[in-house]
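Novice: Sequence and computational prediction follow.
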Amino acid sequence: MNFLSIKHTTSYHYSSPVVLGRHRLLLRPRGGHDIRMVTSSMVISPIPKKISWARDADSNSVAIVDFDDAPTTELSINSDIVVEHYDQQPLDFLVDERAVMFPYLLLSSERIELWPYLIPSYLDDQSAVSEWVSEFWRAGQARVETFGLLDRLNRSIASSFTYEARDEVGVKRPKQTLSSRKGSCRDFATLMIEACRFLGLPARFVSGYATTEDIPAAMGATHAWTEVFLPGAGWKGFDSTGGVLTGPNHIAVAVGRDPESYSPIAGAFGSEDPKVSSKLAVQVSVTRVDAPSKV
């Protein structure tokens, strides 16, 4: 097992005093059989009036933060978490016999439950996605190993596209990524998701963290990848930035259908100054540490 320390600092500076509205934070890792949170602390300045916790429709843990009406020119959010990671063998899984070879049919019960993850998020981009996917498989072609097809798609993005860090909110459309042949981790995840859905494979977006010593692209920021549902194995993660299957170097925080909806921090502010602007600074580090003295 690994013990991983996640330090995530986000700070905003406003050009004029603002009143902070409600903020929504997705910073708490998704616990389960593979990950256990050991310690957690969060320091927010200005001190919030109230912090409440909720589960969204995808069972993500959401912190809802409300502030008082005192004007401020700064907002800082500091999260410090240690997790215990048990997933040391990401390839140790079995796919149901019916799904070993692609294409295959989902059971009716699976299709009902997974329907949201089969619907493309970018319908206007399906032609571009189809053209790219046809390099790997096209209708009428002989059946291929399902995992092998997914692995080739994943590795192709990592090897054929150029990674670029982007501070802008949101993701690039798949056709933009295909046209420019470059993108951020969330852009690559979005392309992978749309390719899987085009093939009829349920896929969802994952926002989280990755160890910065192993995945340089994760240095200083959150990370993003794709999870694909494989009958018998469940949701399996594919990191298209590194071209790898997710495992002991990845910590999922939030999952969902729409890549646009899972920003780690989202909120609003108001100001009497119509020209008020804000500057954002984010620093993230994820490193291996020794076991805490008290677990």
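Specialist: Received, thanks.

Novice: helix/strand/coil for Met192?
Specialist: Three-state assignment for Met192 (DSSP: H, G, I helix; E, B strand; the rest coil): helix.

Novice: and it, how far is that from Arg98?
Specialist: Distance of Met192 to Arg98, given as C-beta to C-beta, to the nearest Å: 23 Å. From N, CA and C alone the C-beta is placed, and that goes for glycine too.

Novice: if you count what's nearby, which of these two comes out ahead?
Specialist: Shown here are Met192 and Arg98; by other C-beta atoms under 10 Å, Met192 has more neighbours (25 against 12).

Novice: if I pick the more buried one, what's in contact with it?
Specialist: Leu153, Asn154, Ile157, Ala203, Thr226, Phe238, Ser240 (C-beta atoms under 8 Å, 6 or more residues apart in numbering).

Novice: among these, who's most crowded?
Specialist: Going by other C-beta under 10 Å, Thr226 tops the contacts of Met192 with 29 neighbours.

Novice: Now for that residue: which residues touch it?
Specialist: Going by C-beta under 8 Å, 6+ apart, Thr226 touches 154, 189, 192-193, 196, 203-206, 237-240.

Novice: Which ones among the residues you listed lie within strands?
Specialist: If you go by DSSP state E, the contacts of Thr226 have Ala203, Arg204, Phe205, Val206, Gly237, Phe238, Asp239 in strands.

Novice: Distance from stretch 197-217 to the middle of the chain?
Specialist: With C-alpha atoms, centre = their mean, to the nearest Å as the basis, stretch 197-217 stands 6 Å off its chain's centre.

Novice: hey, C-alpha coordinates of that stretch in PDB?
Specialist: Output of stretch 197-217 as PDB, limited to C-alpha atoms (Å, rounded to 0.1, in the frame of the first residue of the first chain):
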ATOM      1  CA  ARG A 197     -19.400   6.500 -26.300                       C
ATOM      2  CA  PHE A 198     -19.200   6.500 -30.100                       C
ATOM      3  CA  LEU A 199     -18.200   2.800 -29.900                       C
ATOM      4  CA  GLY A 200     -21.100   2.100 -27.500                       C
ATOM      5  CA  LEU A 201     -18.900   1.800 -24.400                       C
ATOM      6  CA  PRO A 202     -20.100   3.600 -21.300                       C
ATOM      7  CA  ALA A 203     -17.600   6.200 -20.200                       C
ATOM      8  CA  ARG A 204     -17.400   9.000 -17.600                       C
ATOM      9  CA  PHE A 205     -15.100  11.900 -16.700                       C
ATOM     10  CA  VAL A 206     -12.900  11.800 -13.600                       C
ATOM     11  CA  SER A 207     -11.400  14.700 -11.800                       C
ATOM     12  CA  GLY A 208      -8.700  14.000  -9.200                       C
ATOM     13  CA  TYR A 209      -5.100  13.900  -8.400                       C
ATOM     14  CA  ALA A 210      -2.000  12.100  -9.600                       C
ATOM     15  CA  THR A 211       1.400  11.700  -8.000                       C
ATOM     16  CA  THR A 212       3.500  14.500  -9.400                       C
ATOM     17  CA  GLU A 213       6.800  12.600  -9.200                       C
ATOM     18  CA  ASP A 214       5.400   9.900 -11.600                       C
ATOM     19  CA  ILE A 215       3.200  12.000 -13.900                       C
ATOM     20  CA  PRO A 216       4.900  15.400 -14.600                       C
ATOM     21  CA  ALA A 217       1.800  16.700 -16.400                       C
END
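
Novice: if we can go back for a sec, nearest to Pro259 among the contacts of Met192?
Specialist: Pro259 lies nearest to Thr226 out of these, by C-beta to C-beta, at 9.5 Å.
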